[in-house]
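Trainee: just coords:
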């Protein structure tokens with residue numbers, strides 16, 4: 001059974017940093033894309049970042065470029081989202097997703113999803 005477990009969320013002041021982790025179990029994801037999405041209250045889920053199986057290709061939403069960095073450790077079957085210069089607008093539940101199945105990594109059609117971790121940025 002495949003599981004994705006996010007951790008690292010919390011409450012931080014604007015300008016602060018957090019690192020989210022997503023640990024996968026049940027299969028390896030070293031050859032498929034994984035990504036992060038987020039959903040704020042009253043808003044639709046939106047793409048944040050994605051990373052290829054090898055880690056060589058990375059994609060970011062315009063709203064987080066230059067502030068967030070996605071990375072992965074295939075030995076640990078884990079991806080990370082390093083978030084710097086956090087803004088109140090970044091407040092959301094952050095979800096890890098795995099295996100886009102060759103589809104557009106921005107659209108959210110991934111095979112596996114985590115339960116989410118709350119990130120709250122205070123002003």
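Mentor: Right, received. Where do you want to start? As the structure is a computational prediction, the values presented were derived from the model and not from experiment.
Trainee: ok, the most centrally placed residue in the chain - contacts?
Mentor: Nearest to the mean C-alpha position of the chain, by C-alpha atoms, centre = their mean, lies residue 36 at 2.3 Å. Applying C-beta atoms under 8 Å, 6 or more residues apart in numbering to residue 36 gives the contacts 20, 22, 48, 49, 50, 70, 79, 81, 94, 95, 96, 97. No exception for glycine: its C-beta is placed from N, CA and C like everyone else's.
Trainee: Quick check: beta-bridge partners of it?
Mentor: residue 49, residue 96 (DSSP bridges).
Trainee: separation between it and residue 51?
Mentor: 9 Å (C-beta to C-beta, to the nearest Å).
Trainee: And the next helix or strand past the helix or strand hosting residue 70?
Mentor: Using DSSP states H and E, residue 70 sits in strand 68-73. For strand 68-73, the following helix or strand on the C-terminal side (DSSP H and E) is strand 78-83.
Trainee: before we move on, the earlier item: reformat the contacts of residue 36 as CSV; add pLDDT and neighbour count.
Mentor: Putting the contacts of residue 36 into CSV (pLDDT from 0 to 100; neighbours: other C-beta atoms under 10 Å) gives the following:
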residue, pLDDT, neighbour count
20, 98, 24
22, 98, 26
48, 98, 25
49, 98, 24
50, 98, 23
70, 98, 21
79, 97, 28
81, 98, 26
94, 98, 23
95, 98, 23
96, 98, 28
97, 97, 25
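Trainee: now, which of these sits nearest residue 120?
Mentor: residue 94 (10.9 Å; C-beta to C-beta).
Trainee: tell me the secondary structure for the closest one?
Mentor: Judged by DSSP: H, G, I helix; E, B strand; the rest coil, the three-state class of residue 94 is strand.
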